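**Student:** fold the following.
(one chain, ligands or ions: 1)
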Amino acid sequence: MNLSTKYLGMELPHPFIVGASPLTNTLDGARRVEDAGAAAIVLASLFEEQIRREAGCVPPGSNGVLEGSIPEIHLENLRRLKESLAIPVVASLNGSTLGGWINWATALQEMGADALELNLYEVATDERHSSEHVERVALEIVREVRAAVRIPLAVKLLPYYSSLSSFARQLEDAGADAIVIFNRTFEAEVDIEHFRIESKMTLSSRDELLSRLRWASILAGQLHSASIAVSGGVHEGSDAVKAVACGASVVQVVSALYEKGTAYLRTMRRDFEDWLDCRGFAGVEQLRARLSILTPEGDRGHSRIDYMRMLHDWRPEP
Ligand SMILES: Cc1cc2nc3c(=O)[nH]c(=O)nc-3n(C[C@H](O)[C@H](O)[C@H](O)COP(=O)(O)O)c2cc1C
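**Tutor:** Below you'll find the predicted structure:
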C-alpha cells in the first residue's frame, strides 16, 4: 500500500502529522511523536508579542537576544529537534508587524526549519478594518515572507473569511505552498456569577471536522498548486479518510493525542491503511480529492438547492 503524500515540498510516508502544540515542545515529546510514526511535526507558534516583551524588540541574529528568553529557547529547541529527529520539522510563526514576520521567519529558517507555517490567527474586531483590509494585510505578509525565505510556506487560517475560495487563491499567488484549514478560535464563555467573559480552551471534538471537510472539498478543485492540510477534529483513522477524499494532502492531529496518548497516532494510521486496503485502493493519491466539489461524486451539499432541500426534508430524530 502506497500511503505516501507530498506536502510542502516533502515526500511524506503517510498523511499523519502532528499539529502545532506543546506536544512537540520538548525533545522528549518530539521523540515520542516520532516514535509513534508521525510523518512530520509542526512546532508550537513563536509569537512576536512574546519576543517583544521578552527581548525588547531586538532583531534576530543580533547579540541582543536575551539568554534564556522565549525566542532564544524556541530557536534553540528547533535546532536541537532538527539535530535529533529524522522527520521534517515545520516551524510556526505568529507575527504582529511586517518586520517581525520577516525577521523571525528568516531566523526560523536559519535554525533549520524544513518549512514554515504562518499562523494568521487574528479575530478582526476593529470596525475600521474592512474584510478587504484584513485580507490585504495577510497577503502582504505572505508575499514578503515568501520573498525573504526559501523554505516552503503553509498558511494556517481561521474559517472566518467572506470569500475563502478567492482569498485562498490569492494566498497561493502570494506564495503559499499549502493552506491549513483551520485554526481554532477559543470561544467566549460567560461567567454569570462574576459577570466576565472567559476564553476557554478545550480540546476539539469530531464535529469540528465537518467544516474542514466542506472547505477542503471546495478548495481542492480551485487551488492550482497549493496543497491542503486539514487541522481540527481528526480523531480517528476514518476522519483522515474523509479529509483526504475531500482533497487534503495531510491531516494534522493534536487533540486526539492529548486525549489518547501519542502512541494513538499509530492506531489512526493503521486504521486509515486498513480502510484503503479493504476497499481496494492502491494508495493515498487514488483517494485524494475524490470528493472535490468539481468531481461528479462530490458535487453535493454546497449549493442553494441542497440547502433548501436539506431544510425542507429535515425531520427530528425519533
Ligand atoms: C494545547 C494546544 C496548543 C496549541 N498551540 C497552537 C499554536 O501554538 N499554534 C497554532 O497554530 N495552533 C495551535 N493549536 C491548534 C492546533 O494546532 C490545531 O490546529 C487544533 O487543535 C485543531 O486540531 P485538533 O482538533 O487535532 O486539536 C494548539 C492546540 C492545542 C490543543
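**Student:** quick one: the strands in this protein, in order.
**Tutor:** Shown for the chain, the strands assigned by DSSP state E span residues 5-7, 10-12, 16-21, 41-47, 89-94, 115-119, 153-157, 178-181, 188-191, 196-199, 227-231, 250-253.
**Student:** deepest in the core, which of those strands is it.
**Tutor:** For those, the largest average neighbour count (mean count of other Cβ atoms under 10 Å) is found in strand 250-253, namely a mean of 30. Just so you know, the C-beta spots here come from the backbone N, C-alpha and C atoms, and that holds for glycine as well.
**Student:** so what strands line up beside that strand?
**Tutor:** Sheet partners assigned to strand 250-253 using DSSP bridges are listed as strand 16-21 (parallel), strand 227-231 (parallel).
**Student:** in TSV: the ones you listed, plus mean pLDDT.
**Tutor:** Conversion of the strands paired with strand 250-253 to TSV gives the following (pLDDT from 0 to 100):
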stretch	mean pLDDT
strand 16-21	97
strand 227-231	98
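**Student:** take these and write them to a markdown table, including distance to the ligand.
**Tutor:** A markdown table is the format used below for the strands paired with strand 250-253 (distance: least, Cβ to the nearest ligand atom, whole Å):
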| stretch | distance to the ligand |
| --- | --- |
| strand 16-21 | 3 |
| strand 227-231 | 4 |
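**Student:** next, the buried residues of stretch 282-293.
**Tutor:** Counting neighbours by 16 or more other Cβ atoms under 10 Å, one finds that the buried residues in stretch 282-293 are 284, 287, 288, 289, 290, 291, 292, 293.
**Student:** ends of that stretch, what's the gap?
**Tutor:** As for stretch 282-293, its first-to-last residue distance stands at 23 Å under the measure Cα to Cα, to the nearest Å.
**Student:** which phi and psi does the closest residue to residue 114 other than its chain neighbours have?
**Tutor:** With sequence-adjacent residues excluded and distances taken as Cβ to Cβ, 6 or more residues apart in numbering, residue 114 is closest to residue 88, at 4.1 Å. Reported as degrees, to the nearest 10, the phi and psi values for residue 88 are phi -60, psi 150.
**Student:** list the contacts of residue 88.
**Tutor:** For residue 88, the contacting residues are 8, 10, 12, 39, 40, 41, 114, 115, by Cβ atoms under 8 Å, 6 or more residues apart in numbering.
**Student:** now, which of those sits nearest the ligand?
**Tutor:** Minimum separation from the ligand among the contacts of residue 88 (Cβ to the nearest ligand atom) is found for residue 41, which lies at 10.8 Å.
**Student:** much appreciated, bye for now.
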